[in-house]
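>>> Below is the sequence, then the predicted model.
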Amino acid sequence: MEGIEGAMALDDVDLFGDPVMDNALAGLPARPPPSKPLLQRLDELRTRGCSQAIAWSRQGTIAVIAKDGMSIDLRFIRCRPDNGDWELSEPSPWSAVSQSPSPPPPNHHSTPLSLASAGAPFVHLAWGPQAFPELAIIDALGRVTILSFSVTLNRPYPIVRRWDADVVDDLHAVVGCYWLPLVLQHTKQAIYEHQFYPASGPWHPSPSKSALLCVTTNGTLKLFFLQSNGRLEETAIELESVTSSDDLITHASLCSDKNTLLLALATASRQLRVVRVSLQWGLPQVDKQVPPGSVPLRPSLREGHVAVTTWVQHGPSESPLDASMTQLSHIEILPSASEAQSQPLAPPVVLTVRSYVPQDSSAYHQESQSIIDRWEVLSDQPQSLHPAFEQLSSKDGAGFAPPTKTRLRKLDPIILPKIVVTVHTAQFGRILCFAFSDGTVQFRDRFTMEELYREQNTDTISSPLQVGFQFINDTPCLQVAFSPTNCSFAQLCEDWTVKWNKLHYPTADPSSPLPRTQLRPLAVALSVAASVTGAYQVSNDDVLAVARPFAQMPNFTDAWIRETVSILKVVVDYSEDAHHDQLVRNAYLQACFSMLSHLGFQGDFKPRPFSARFAMLALNLRNMVVLITVASNTPVSIKEKLNPLDDPEVVEALAGWVKWGVDLLSWLVDCLFALLNDSEVMAMLTDPKRFLELARYLRSKKDVSLHLLLCSSTRGFLSAACRRLVHLESISSRTAQFYETNPQLQDPSATATPARPHPALIQAYLKVRRVVSSSVVKMQEFDRLLSGLGKDIQSAYQKTLSGLAAAVKPPQGNLTEEQQQQYHDAFIKKAQTQCELDMLLGENPPPAFRDMLLRFFTTTLPEFRRHTDPAKLFFANYDVLEVEDNARALSARKAAGKYIDVFKRVELVVAGSARGANGQVVDDGGGAGQDGQNMLPAKRNAGGEEVNGHNSSSNNNNAGFVNGSGNGNANGGGGGGDDENGGGGRLWRRCVRCAAVMEDIWSNRPGFNFVLAQQRRCACGGSWVVVPRGS
C-alpha cells in the first residue's frame, strides 16, 4: 500500500515543469567554471599545431618555455646527494648561450637560457632522437634554433643553428615538426620473446645523426640536416599552394612509413589532407676508394598527394555537442604497424582531437569532453578493366595499368568526458597515451582503441602498469611530457610550475617482503621497462626512481637483477676469457652494476651495503681500464696529430687513476689478510657444513674482497687494471730514465718545443713513477695471483659440472655423440653462468669451491704475504677509494667537504666547509684542515669497524700527491684546480644517478679532449649536470 500511495503521489507532480526541475537540481553543486589558463591553452592548441612548451629528452633533460615565452628553463630528475631519493631539480642556474663553450664565471648570477626573440615568444620545443640529443626551439614566427646537449643535461654546447637569417613573417609559422628516427642497430642479443618492429622510414645517411622537418602555415616543408662536413644546411619544398586564408595549414603531423614520409595536414577550411613525401639524399654508388662521410649530401624532396577529406564529419553515434566542436586541437598520424611479426601491417591512421569546454557553471550544460576522430589510410587494389580497354594499348605495346586508389576511411569516434591536453605514442606507436587537463592519463590500444591497464595481467608483461603500478596525486595541468620509459611524466601546471609524477606501487610498506607471486611480476615489469632503454640508448633514471622504494625489500634487488640478466641475456661468465675487450664493452653488465650501486646508495658520506660497495668498485675498475686504454691506444688515423700520453693534463689524470689502482690492490690484499687471520672464516672453509655460512658472514662484515676475486667479471677487471698499471709503469720508468740522463730538459723555466717536452709532462710522468715504485703490492705479482686463482676456479667448474652433466640425460633420445656433447656443453655453460650470477649478487660460492679456497687461504695467500709488508697495508690511507664505513671518519670527511673527482681521482675540497653546525672547526682526527694536510682516519677493518692503531709516518702510498689535481693548465685548458685545496673556483659536474662529482673542465688540447670525451657519462652510466662547486 505504501508503494501504491507513493506512486499515486507522483501524479500530483508536474514532471515537465521548470519549477520541478529547478527543485530537483537545487541540491546539486554548481560545476566550477573552466580555469582561464585552460581556456587559453585550448585557444593555443586550436590556433597553432606546434605549441609544446615542455619536452623530455631521451637522455633526461626536461626543457620548459618560461611563462613569458622569452626564455627556456632546463630541469632534470636527480638522485639527491644527501639521501639517495629522487626529485625534480630546480631550473638550471646558468646564463645565456654563447658560441664559446667556456663556462660562466663562478660568481656569475645566472638566469635561465635566453635567446634573442625579436618580440616573438617561444612556442614549441622538440627533442631529437640522437644519443646526445639536440633541441629545436621554435618561436611564433617559425624561426628555428637548434641546441646540442652533448656533455651535460642542463647546459648546451655551441648552438648548432641560429635563426638570425630566418624570415620574420607569420606565414612561416611552424604548424608541425618531426625529427627523423635513427637507424636501428639490431644486436644479436634478444630483448623480448617476441619483438615489435616499427615501420621503416628514411634515415640520415650517418647512423648517429638525425634531421629536422618542419611544415609551415603557408604549405612549405623545410628540411634541416647536417652536411658531411658537419655544417647544418636546409632545403624546402612547397606542399600546398596557398591562394586564400582558407588554404592556410593550421595543424600538421609527420611520420616515417615504408621509407617515405607521411604527412597529415589540417587546413583553415576544415580539410584533412594526406601527403606522401619521398626523401633522397643524392648519394652516388658506394665507392670503396672514397672515405665514408666525405661525399656531400644533396637531399631532394618529392611530394605526392594521397587523399583529401574533411575533418568535421557528423554521424549518428557522435555527441550532440559535436556540431559546436569545429575547432581542432591535436592531429597525429601513425605509421603502419603490426600487432605481431606474423601478422600483416595495419594501415596508417590519422587521429584528430576536438574538445568542448562548457562556458557556464550551470548544471544544465553538458560535461567537458573530447572527441577523437580516426581515419585509416587505405590503399585499395586497382580495379580490373573491361577486356575491351586492353585493346587500347600505347604505341610501344605496353598495356595500361590503372593506378592504386588511396582513400581515407572514417572509423568510429571515441568520446572521452575530459579535455585532452597531450597526445603521446609509446611502444613504436602501438600504444596511445592521452593526458587530460585534470592531471590523469589514459593508455589505449592503437588498433582497437580499447583502454589498457585497467586490471592486472601477469601473463604477458610489457609495462609496469600491468602489475599494479599507477600514477597518483593528480594535479590539474596544461601540458604533459612523458619520459622515454613512460614510467613518469612532467606536468606543466596552471600556475606554470612543473611537477614530476612517477609510478607508485600500492603497498603500505615498500620494505615489507612480498610473496613470490607478487615479487616476480614486480621485478619482471621493472626489468622490461629498464631493458628497453638499454637497447635504444635512452635514460632509465625514472625506472630507478620507481624501484627506489623497494631497495630495502628483502630479495627485491636480487630478483630485479636476475630478471634483467634473463631478459637482456647479459653475459656474466668470463671465467674462460683471457682477453678483456668484450668484458669492458659489455654495456648491459655495466647497467646491472649501476642498478646494484644505486639501490644501495644512501647518500654522500654514508656507508654502503655489501652489494653497493661491490658494484661501485666494479664500475670504477671498468672506468679505469677504459680511460687508460683510450689514452694508450690512439686511433692510427689521428695518432700523428695527437697522442694523449704526450699531454701533461692526460698523464696528470692518469696519475690519479694509478694511485687509485695501487690503493685498491693494497686494500684488497689487506682485506684478504684480515680474512686469513679470521678464525670464523677458516672454520667455515674447513667444515663443509659451515661453508654455506660464508657469504652471510662476509655480508655482515661488508667485506667484498673475496667476491671481487671469485666473480669472473670483477676478476677480469682487476687483471685488466693490473696490466694497464704495468704498462704505465713501463712508460714512466723509461721516461724518467731518459730525463735522468738528460737533466737539461727538466728546466722548469724552459718553454716546450718539439724537441723539448713541456716541463709539466716530465713532472707528471715522475709522479706516476713515484706512485708505482712506492706501492706495497706489486702489480705483476697480484696479476699472477689472479691468474692462478682463475685457473683453479676453472678446474673446479670442470671437475664438478662435468660429472653433473654426465648424469643428466637429454630430453630427446637417440642423439649422436656430437649432439650429446653439445647438450652437455650447454648444460655446463648454463650452470656456470648461474654460479657466476650468484657470486655477482653476493651469494655463497659453489660447494665445489671449498677445497680450492682452502688451498688459497692455507698455501697461496700465506706465500703471497711473505713478500708483502702487512703493517704498511694495515695503516695505509684508503680515502680515495671511498670504501670507508666508519661513522666518525665519514662525518669528518663531510665536515671537511672532501669529495673525490671521479675523472682524476683526486680530492676536491670545498673551502670553508670544515666547520660544524655550531661554527666550530671540525677536527676529530679524520678530516682535513684548511691547510690541506692529510689527517688519516681512525684505522678500521674490512667491515668498517674501528680498531686500535695509529697512522704510520713511514707510509708512502701517497708519494707525489697532495690535495688538488696537481699542475695547473699551462695553455689555458682545464687541467687542475685553482686553489690549494684542489676544488678551485670551477663549476662541478655531478652525476644524476650516483651523485659522483668531477670538475667541469675544458681544454683546447686535442689529446686531453680525446680522453675527456670518454667521460661524457659517469662511471655508472648516468648523465652529468653542471652545479656550483660544492653543491
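Structure received. Numbering: from 1, shown residues only.

>>> Now do the strands in the stretch 851-1000 of the chain.
With DSSP state E, counting those that start in this stretch, the ranges of strands along the stretch 851-1000 of the chain come out as 898-900, 907-909, 988-991, 997-999.

>>> Single out the most deeply packed of the ones you listed.
Among the strands of the stretch 851-1000 of the chain, the stretch with the highest mean neighbour count (mean count of other CB atoms under 10 Å) is strand 907-909, at a mean of 27. To be clear about C-beta, it is placed using only N, CA and C from the backbone, and glycine gets the same treatment.

>>> How is this structure divided into domains?
Domain assignment of the chain by the TED database yields the ranges 35-96+119-167, 169-183+195-284+294-310, 505-743+757-892.

>>> Without its sequence neighbours, what residue ends up closest to the residue nearest in space to the middle of the chain?
In the chain, the residue lying closest to the centroid (CA atoms, centre = their mean) is residue 539, at 1.9 Å. Excluding the flanking residues, the one nearest residue 539 by CB to CB, 6 or more residues apart in numbering is residue 60, at 4.1 Å.

>>> That neighbour: what's it in contact with?
For residue 60, the contact set (CB atoms under 8 Å, 6 or more residues apart in numbering) comprises 76, 77, 153, 539, 541, 992, 1023.

>>> Out of those, which is nearest to residue 374?
residue 539 (31.9 Å; CB to CB).

>>> just checking, that closest one touches residue 488?
No: the pair residue 539 / residue 488 is not scored as a contact, 11.0 Å apart, by CB atoms under 8 Å.

>>> what residue ranges in the stretch 51-200 of the chain are flagged as low confidence?
93-118, 184-199 (pLDDT under 70).

>>> Can you list the residue ranges for strands in the stretch 451-600 of the chain?
470-471, 477-482, 488-493, 498-504.

>>> Ok, which of those comes nearest residue 897?
Set against residue 897 and scored by CB to CB, the strands of the stretch 451-600 of the chain come closest in strand 498-504, at 29.1 Å.

>>> what's the closest one packed up against?
strand 86-88, strand 470-471, strand 488-493, helix 541-547 (3 or more CB pairs under 8 Å, 6 or more residues apart in numbering; DSSP states H and E).

>>> To residue 511, which of those lies closest?
helix 541-547 (12.8 Å).

>>> List the residues that contact residue 727.
Listed by CB under 8 Å, 6+ apart, the contact partners of residue 727 are 628, 632.

>>> hang on, it is in a strand, isn't it?
No: using DSSP: H, G, I helix; E, B strand; the rest coil, the assignment for residue 727 is helix, not a strand.

>>> So which residues make contact with the helix or strand where residue 696 lies?
In this assignment (DSSP states H and E), residue 696 forms part of helix 694-701. Outside helix 694-701, the residues that touch it by CB under 8 Å, 6+ apart are 610, 680-681, 684-685, 704, 706-707, 842-845, 941-943.

>>> can I have the next helix or strand after that helix written out in PDB, keeping just the CAs?
As assigned by DSSP H and E, the chain's next helix or strand after helix 694-701 is helix 705-710. What follows is helix 705-710, C-alpha atoms only, in PDB (Å, rounded to 0.1, in the frame of the first residue of the first chain):
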ATOM      1  CA  SER A 705      87.300  -8.600  -1.300                       C
ATOM      2  CA  LEU A 706      86.800 -12.300  -1.700                       C
ATOM      3  CA  HIS A 707      83.800 -11.900  -4.100                       C
ATOM      4  CA  LEU A 708      85.800  -9.400  -6.200                       C
ATOM      5  CA  LEU A 709      88.300 -12.200  -6.800                       C
ATOM      6  CA  LEU A 710      85.900 -15.100  -7.200                       C
END
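
>>> Show me what helix 705-710 is packed against.
Applying 3+ CB pairs under 8 Å, 6+ apart, one finds that helix 705-710 makes contact with helix 610-632, helix 648-676, helix 694-701, helix 712-741, helix 779-807, helix 817-840.

>>> As JSON lines, those helices with distance to residue 272 and mean pLDDT would be great.
As requested, these are exported to JSON lines (distance: least, CB to CB, whole Å; pLDDT from 0 to 100):
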{"stretch": "helix 610-632", "distance to residue 272": "52", "mean pLDDT": "95"}
{"stretch": "helix 648-676", "distance to residue 272": "59", "mean pLDDT": "95"}
{"stretch": "helix 694-701", "distance to residue 272": "64", "mean pLDDT": "95"}
{"stretch": "helix 712-741", "distance to residue 272": "56", "mean pLDDT": "89"}
{"stretch": "helix 779-807", "distance to residue 272": "65", "mean pLDDT": "89"}
{"stretch": "helix 817-840", "distance to residue 272": "54", "mean pLDDT": "88"}
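
>>> right, and these - which one's nearest residue 1001?
Using CB to CB, the nearest of the helices and strands packed on helix 705-710 to residue 1001 is helix 648-676, at 8.4 Å.

>>> returning to that earlier point: what about the strands of the stretch 851-1000 of the chain, which gets the closest to residue 405?
Closest among these, using CB to CB: strand 988-991, at 56.5 Å.

>>> Mind listing the strands the closest one pairs with, and their directions?
Strand 988-991 sits in its sheet next to strand 997-999 (antiparallel), strand 1024-1027 (antiparallel), going by DSSP bridges.

>>> Indicate which one of these is closest to residue 591.
Smallest distance to residue 591 across these (CB to CB): 17.4 Å, for strand 1024-1027.

>>> ok, back up a step: least reliable of the strands of the stretch 851-1000 of the chain by average pLDDT, please.
Sorting those by mean pLDDT places strand 907-909 lowest, at a mean of 90.

>>> Each with direction, which strands does that strand pair with?
strand 898-900 (antiparallel).

>>> Residues contacting the strand it pairs with, please?
Outside of strand 898-900, the residues within contact range by CB under 8 Å, 6+ apart are 604, 879-880, 882, 906-910, 927-928, 996-997.

>>> how far does that strand sit from the chain's center?
With CA atoms, centre = their mean, to the nearest Å as the basis, strand 898-900 stands 25 Å off its chain's centre.

>>> Setting aside sequence neighbours, what's the nearest residue to residue 462?
Closest to residue 462 by CB to CB, 6+ apart is residue 528, at 6.2 Å.

>>> What pLDDT is listed against the one you found?
What the model reports for residue 528 is a pLDDT of 92.

>>> thought it was touching residue 465?
No: counting by CB under 8 Å, residue 528 does not reach residue 465; the two are 11.2 Å apart.

>>> quick one on the thing from earlier: make TSV out of the strands of the stretch 851-1000 of the chain and add distance to residue 654.
Converted to TSV, these look like this (distance: least, CB to CB, whole Å):
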stretch	distance to residue 654
strand 898-900	16
strand 907-909	17
strand 988-991	19
strand 997-999	15
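
>>> Check the gap between residue 486 and residue 996 for me.
Per CB to CB, to the nearest Å, residue 486 is found 28 Å from residue 996.
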